[in-house]
Each structure stands twice: as structure tokens, then as C-alpha cells.
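Peer 1: Sequence and predicted structure, then a few things I'm wondering about:
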Amino acid sequence: SQTIHQWPATLVQPVGSPLSLECTVEGTSNPNLYWYRQAAGRGLQLLFYSVGIGQISSEVPQNLSASRPQDRQFILSSKKLLLSDSGFYLCAWSTPDSSYEQYFGPGTRLTVT
Amino acid sequence: AQKITQTQPGMFVQEKEAVTLDCTYDTSDQSYGLFWYKQPSSGEMIFLIYQGSYDEQNATEGRYSLNFQKARKSANLVISASQLGDSAMYFCAMREGPYNFNKFYFGSGTKLNVKP
């Protein structure tokens, strides 16, 4: 069966520090991968998605970047965090060629102080 | 225009009663999928139910059913016999296709509170 992992679960970082959040998927190959951010009490904002290794689509211009160094690994990064980067970050995967659902990871709660 | 619209930021329902959460969508594609997710306070996103655009029957999963009205572009979630554990945020989402099944669009969510 497929599983999706995210780490860390929680993170407190000072403004101006770098960020690296990791997401890995097991039990499937060539998945579509997604990064979402959710501000407190709000909906999901799609940040990046990837349809293959090295292929990244950015949805919102921002202080963040994403990379996909391996088929089932998706990394969200920042060189210098801003206060507005605080939020709940969710990674998700889906099959690339059907209309079926996304599967979400447990999320990372990031607080920038 | 927004792809997914959820007009109810918050709702209350009495335990054991049914509740309908509204969702309308906007697409010009003929092939698409509609989804509902539940997000408890823990933050995890739990998939509840799926409706394909070509499905003629409304989807059902246990106490959840999706009232799919294609002409009106609505995909309302009906929860029957509400339970206290149903208190959560609920998100409607859509995936368009068939040539670009890559992006999902989410609504802003509805916060459901079930009262004992």
C-alpha cells in the first residue's frame, strides 16, 4: 500500500533562517507531487506541483522553492524565511493519469518567529 | 473566477441530524472529478467521497453522500445522522481533465460544528 511521509512535524524558525521540508512517498511510482500551504483557519493554497523528476510548476510567486531530486521525494525550501511563511504545509501525491483523489501527508506546522 | 466556491464559512448541526455542505464549481471540461475532504483539528486531510463527471449515480460512502447536479455545477456533501466526531473543516475540491489531471482546486472550506 502507498504511504506518504513528511518531516519534521513541527518547526519553529527565526526570520531570515533557511528552511527545508521533506516529503517522500512509498508504494507507487511516477506520482504527481504537490506542496500546499494552509494559513490558520483558511483553505489550501497550492504552492508547487511536480509531474516528474526535476519538473516543478510554481503556482504562486513567493519566498519558497521546490525540488524533486528523486521520483518519490519532494522538497520545499527557502533561503530566508519571512514571518508570512508561517503556516501548515501539506504534501500530497496523486496518480498522473486519472481523475482520482490526492493523498495527503500528515503536514508540517511551521512557525516563523 | 474561482474554480470551487464554498459559501458557508461555518455551520452548526444537532447531533443525529443530517446536514448539507454546499459546493459549486466552474469548469469547461467535460471530464473532471469532484472530491470532499475532512480536516479535523489535528490537521490531517481525510478523503471522504469522489464523484466523476460521467457518473450518473450520486456517490455514497457510508453516512456521506454527494448530491451531484451537473447542470447547476453543484456538488453538495450530505452527512446523515451527524456525530460529534464530524466536527471539522470540510473542503470541496475538483480535478480537471482529461489532458491535464495535474492540478487540484480547493474551496475555502466550511467549518462544521456538531452540537450534542
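Peer 2: Structure's in. What do you need? Computed from a predicted model, the values in this text were never measured in an experiment.
Peer 1: Please list the residues of chain A that sit near chain B.
Peer 2: With C-beta under 8 Å from any C-beta of the partner chain as the criterion, chain A meets chain B at residues A:32, A:34, A:36, A:41-44, A:46, A:49, A:51, A:57, A:88, A:90, A:92, A:94, A:96-104, A:106-107, A:109. All C-beta atoms are positioned from the backbone trio N, CA, C, and that covers glycine.
Peer 1: again, only this time at 10 Å
Peer 2: Within reach of chain B by C-beta under 10 Å from any C-beta of the partner chain, chain A has these residues: A:9, A:32, A:34, A:36, A:38, A:41-46, A:49-51, A:57, A:59, A:88, A:90, A:92, A:94-109.
Peer 1: what about the residue positioned nearest the centre of chain A, helix or strand, and which?
Peer 2: Taking C-alpha atoms, centre = their mean as the criterion, A:Trp35 is the residue nearest the geometric centre of chain A, at 3.0 Å. Secondary structure from DSSP states H and E places A:Trp35 in strand A:32-38.
Peer 1: Mind giving me the packing neighbours of that strand?
Peer 2: strand A:19-26, strand A:44-52, strand A:55-58, strand A:65-70, strand A:73-78, strand A:87-94, strand B:104-106 (3 or more C-beta pairs under 10 Å, 6 or more residues apart in numbering or on different chains; DSSP states H and E).
Peer 1: any idea of the mean pLDDT in it?
Peer 2: Averaged over strand A:32-38, pLDDT sits at 93.
Peer 1: Then stretch B:2-20?
Peer 2: Model confidence over stretch B:2-20 averages 95 on the pLDDT scale.
Peer 1: Endpoint to endpoint, that stretch covers what distance?
Peer 2: 21 Å (C-alpha to C-alpha, to the nearest Å).
Peer 1: Can you name the residues that contact residue 69?
Peer 2: Picking chain A for this. By C-beta atoms under 10 Å, 6 or more residues apart in numbering or on different chains, the contact set of A:Pro69 is A:53-54, A:75.
Peer 1: Not quite, go with chain B.
Peer 2: Listed by C-beta under 10 Å, 6+ apart, the contact set of B:Gln69 reads B:24, B:58, B:75-76.
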